[in-house]
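*Asks:* would you be able to build a 3D model of this:
(one chain, ligands or ions: 1)
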Amino acid sequence: MTMKNIGVVGAGQMGSGIAQVCATVGLDVILSDITEQACERARSTISGSLERKVQSGKMNASEAAAAMRRLSFSTTVSAFAESDFIIEAVTEDVLTKQQILMSLDAVIRPDAVLATNTSSVSITKLGGTLASGNRLIGMHFFNPVPAMRLVEVIRGVRTDDATFATAVQLAELLGKHSIGMRNSPGFVVNRILIPMINEAILVLQEGVASAADIDEGMKLGANHPIGPLALADLVGLDTVLAIMAVLHDEFGDQKYRPALLLREMVAAGALGRKSGSGFHKY
Ligand code: NAD
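*Replies:* Down below sits the predicted model:
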């Protein structure tokens, strides 16, 4: 499939990053959010990020300016009527996602592909309510999108082969490495990563070792670039808890129970880097 016009719905951290990467490789992008202020914020985030790439010599100034010219903004879904490929990256809430996908379903071209960047909602469930459910796929990017090389490409029960092939093609065009999978709670990376982080929290909760020593242990003993507790602080403890809760609910297996200490820290507002403290202080 020839891809030229990309739509990105939701101009937060992930949507802005996805839009930036698409515009950088020469695609025309429409990025939308609820308000014009949110769109303006995204424009300045992307412009700042491209500016830093110019300063560090990763891109020249005319390439950055050309990428900015390929970006436009909107506050309505009708803007995506001519898009070849639309990526939903709105807030992680099932109802919000279902509403957005249903309104896109009504306006997009009959051959357009719809992707969702959800971290935890079932692709099969999101596709189940759509007329174009065969053209819905999961494309799970990693944060920060311009720096992280992986995209998980997730097939729901109704996703057809052509849609899967088009999503893999887009990931390649964006310079990302993709891995394909069928829909399953946590997909691949979070299913493995988040229980490991939860286990590190249990080790801390039981008083086996200090947070600093647990992180040092996994860095030096398992060759991880960052310790599991520092990584939890980076991801956000609320997000770690939400993903553990999905694994626990969907599999119904006690091995996925979220650590009590994790629940307590989230309840206390200690969410990691974004709140100034988590397992470490910032
Ligand atoms: P965010 O809060 O930074 O951005 C979400 C944006 O969606 C906000 O700007 C919000 O105004 C907008 N939005 C909400 N409802 C909307 C609507 N009806 N129409 C248009 N815009 C709407 O969140 P984020 O971190 O960018 O996450 C977005 C998605 O990406 C979520 O599904 C999340 O699970 C997933 N994700 C996040 C990460 C991460 O590390 N943050 C990694 C992979 C995937």
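
*Asks:* which strands or helices does the one helix or strand residue 195 maps to pack on?
*Replies:* According to DSSP states H and E, residue 195 maps onto helix 189-205. Secondary-structure packing of helix 189-205 (3 or more Cβ pairs under 8 Å, 6 or more residues apart in numbering; DSSP states H and E): helix 211-222, helix 228-235, helix 237-251, helix 260-267. All C-beta atoms are positioned from the backbone trio N, CA, C, and that covers glycine.

*Asks:* what residues of it count as buried?
*Replies:* Buried residues in helix 189-205, counted by 16 or more other Cβ atoms under 10 Å: 190-191, 193-195, 197-198, 200-201, 203-204.

*Asks:* identify the bridge partners of residue 140.
*Replies:* residue 152 (DSSP bridges).

*Asks:* right, and it touches residue 154 too?
*Replies:* Yes - between residue 140 and residue 154 there is a contact under Cβ atoms under 8 Å: 6.5 Å.

*Asks:* overlap of the contact sets of the two?
*Replies:* Here residue 140 and residue 154 share the contacting residues residue 187, scored by Cβ atoms under 8 Å, 6 or more residues apart in numbering.

*Asks:* which one of the helices and strands packed on helix 189-205 is the most hemmed in?
*Replies:* Using mean count of other Cβ atoms under 10 Å, the stretch among those with the largest mean neighbour count is helix 228-235, at a mean of 24.

*Asks:* list the contacts for residue 208?
*Replies:* By Cβ under 8 Å, 6+ apart, the neighbours of residue 208 are residue 214.

*Asks:* the one 10 residues further on now?
*Replies:* Contact partners of residue 218, counting by Cβ under 8 Å, 6+ apart, are 200, 224, 227-228.

*Asks:* what's the per-residue pLDDT of it here?
*Replies:* Looking at residue 218, its pLDDT stands at 98.

*Asks:* and the helices in the stretch 51-200 of the chain?
*Replies:* For the stretch 51-200 of the chain, applying DSSP state H, counting those that start in this stretch gives helices covering 61-69, 94-107, 123-128, 161-173, 189-205.

*Asks:* and the closest residue to the ligand within the chain, how many neighbours does it have?
*Replies:* Nearest residue of the chain to the ligand (Cβ to the nearest ligand atom) works out as residue 12 at 1.7 Å. Counted with other Cβ atoms under 10 Å, the neighbours of residue 12 add up to 15.

*Asks:* measure it to residue 33 for me?
*Replies:* 8 Å (Cβ to Cβ, to the nearest Å).

*Asks:* joint contacts of the two?
*Replies:* The contact lists of residue 12 and residue 33 share residue 42, where a contact means Cβ under 8 Å, 6+ apart.

*Asks:* got a list of what residue 33 touches?
*Replies:* Residues near residue 33 by Cβ under 8 Å, 6+ apart: 10-12, 15, 39, 42, 73, 75.

*Asks:* could you rerun that using 6 Å?
*Replies:* 11, 39 (Cβ atoms under 6 Å, 6 or more residues apart in numbering).

*Asks:* per-residue pLDDT, it?
*Replies:* 98.

*Asks:* excluding covalently adjacent residues, which one is nearest to residue 1?
*Replies:* Leaving aside its chain neighbours, residue 1 sits nearest to residue 166 (4.9 Å; criterion: Cβ to Cβ, 6 or more residues apart in numbering).

*Asks:* tally of neighbours for residue 51?
*Replies:* For residue 51, using other Cβ under 10 Å, the count is 15.

*Asks:* now it: how far from residue 247?
*Replies:* Distance of residue 51 to residue 247, computed by Cβ to Cβ: 39 Å.

*Asks:* cool, and residue 215?
*Replies:* Counting by Cβ to Cβ - residue 215 and residue 247 are separated by 23 Å.

*Asks:* swap in residue 238?
*Replies:* 15 Å.

*Asks:* what sits against residue 94?
*Replies:* By Cβ under 6 Å, 6+ apart, the neighbours of residue 94 are residue 121.
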